[in-house]
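Engineer: Task: produce atomic coordinates for the following.
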Amino acid sequence: MDGELVDAPVDAASRIRAYVTLTKPGITAFILLVAVAGFFAASPYPPPWAHLGWLLVSGGAASAGAAALNHWYDRDIDAVMKRTRGRPLPTAQIPPSHVVAFGILLTALGWSLSLVTLGPLVMACIASGTLVYVVVYTIWLKRRTRWNIVIGGYAGSAPVLAGSAAALGVITPEAALLAFLVFLWTPPHFWSLAIALKDDFRSPHLPMLPNPGDLSRSGRTVVLSAALLLPVTLAFLLFRTDFLPFFVGGLILGVAFLMVTWPLRASTERKVAIRGFVMSGVYLLGIVGAMVLNWAVVRIPWLRG
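Structural biologist: Residues are numbered from 1 along each chain as shown. Okay, here's the model as predicted:
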């Protein structure tokens, strides 16, 4: 059987670390952060704290399960890339059958918890994000087209919608716009990394770059993608003063992101691309913080004055 004969981890601590790695803690943290942003984009005052708690638990479980399934399906790619060859499956720490069972269990747990505690709309948002990440992005598009991360970017937007549904029972226009902002953020984030690790991504012949045959065009595509975040941020002014604090913060972050990625127009050196990748993470953290701050300024009575 494929992958059934493996060298098990030597101790319980190694086994636990391997299973934690399968959940992709960094990506799961990103999913939870944008869910929090979506929650506060729609939340009244006082917020339904219990709903936020269940959102984090169920969304975290579903995200961790999807990450494990991604590990399972991409184990052949991971084995040939320097960045990923130390993961649990390429190093034969866990049998593939255990990984797929672990992924399905966590995914089912996340979906079930969201349905029981938060309702069908939240569950639908979480489930749609999981399915896009595992089926559409990982299985269907990742090995076939350089547009994989553009279409698969919905998986990062779905938690925003889930957050809105958890807070208010509906997907508000503001949360939908924020989800679109996260959707547009995803390509420059991953493309910056792909340019920085271009040789590693080429080893399994993955079409991860905007244009694999022309890195200069790839760099310009990252800059253009970063620039698209600014008009979407401007659209938050349509909601009048309710989102003015977020608009100011988002505009500052967007200009900073564009300035950091701007050198990619002329240079696709690793250090330049890494700066863009790091700044993309700073941008997202800032966007989440700006949305929480916006909620506090606009909704909390004693802060409104």
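Engineer: Could you check how sure the model is about the longest helix seen in the chain, as an average pLDDT?
Structural biologist: Using DSSP state H, we find that the single longest helix of the chain is helix 270-299. Helix 270-299 comes out with an average pLDDT of 95.
Engineer: how about that helix: buried residues?
Structural biologist: 272-273, 275-277, 279-280, 283-284, 286-295, 297-299 (16 or more other Cβ atoms under 10 Å). (Glycine included, C-beta is placed from N, CA and C.)
Engineer: How far does it sit from its chain's centre?
Structural biologist: Distance of helix 270-299 from the chain centroid (Cα atoms, centre = their mean, to the nearest Å) equals 13 Å.
Engineer: now for it, which elements pack on it?
Structural biologist: When contacts are defined as 3 or more Cβ pairs under 8 Å, 6 or more residues apart in numbering; DSSP states H and E, helix 270-299 sits against helix 25-42, helix 173-196, helix 215-227, helix 244-261, helix 301-304.
Engineer: Give me the contacts around the first one.
Structural biologist: Residues from elsewhere that reach helix 25-42, judged by Cβ atoms under 8 Å, 6 or more residues apart in numbering: 47, 51-52, 55-56, 59-60, 63-64, 67, 129, 156-157, 159-164, 166-168, 170-172, 174-175, 178-179, 182, 284-285, 287-288, 291-292, 294-295.
Engineer: what are the phi and psi angles of the closest residue to P88 other than its chain neighbours?
Structural biologist: Nearest residue to P88, sequence neighbours excluded (Cβ to Cβ, 6 or more residues apart in numbering): A18, at 4.1 Å. In terms of degrees, to the nearest 10, the main-chain angles of A18 are phi -60, psi -40.
Engineer: Equivalent analysis for T91, please.
Structural biologist: phi -90, psi 10.
Engineer: Thought H98 was touching the residue nearest to P88, still the case?
Structural biologist: No: in this structure, A18 is not within contact of H98 by Cβ atoms under 8 Å, at 9.9 Å.
Engineer: quick check, distance from the host helix or strand of L109 to the centre of its chain.
Structural biologist: Using DSSP states H and E, L109 maps to helix 96-118. Mean C-alpha position of helix 96-118 versus that of the full chain (Cα atoms, centre = their mean) differs by 18 Å.
Engineer: buried ones in it?
Structural biologist: By neighbour count with 16+ other Cβ under 10 Å, helix 96-118 contains the buried residues 96, 98-99, 102-103, 106-107, 109-111, 113-115, 117-118.
Engineer: And it, what does it pack against?
Structural biologist: Applying 3+ Cβ pairs under 8 Å, 6+ apart, one finds that helix 96-118 contacts helix 12-22, helix 49-73, helix 120-131, helix 154-168.
Engineer: what does it rub up against?
Structural biologist: Against helix 96-118 from outside (Cβ under 8 Å, 6+ apart): 1-4, 19, 22-23, 51, 54-55, 57-69, 71-72, 75, 88-89, 122-123, 126-127, 130, 162, 165-166.
Engineer: Narrow those residues to just the buried residues.
Structural biologist: Neighbour-count burial (16+ other Cβ under 10 Å) applied to those gives 19, 22-23, 51, 54-55, 57-69, 71-72, 75, 88-89, 122-123, 126-127, 130, 162, 165-166.
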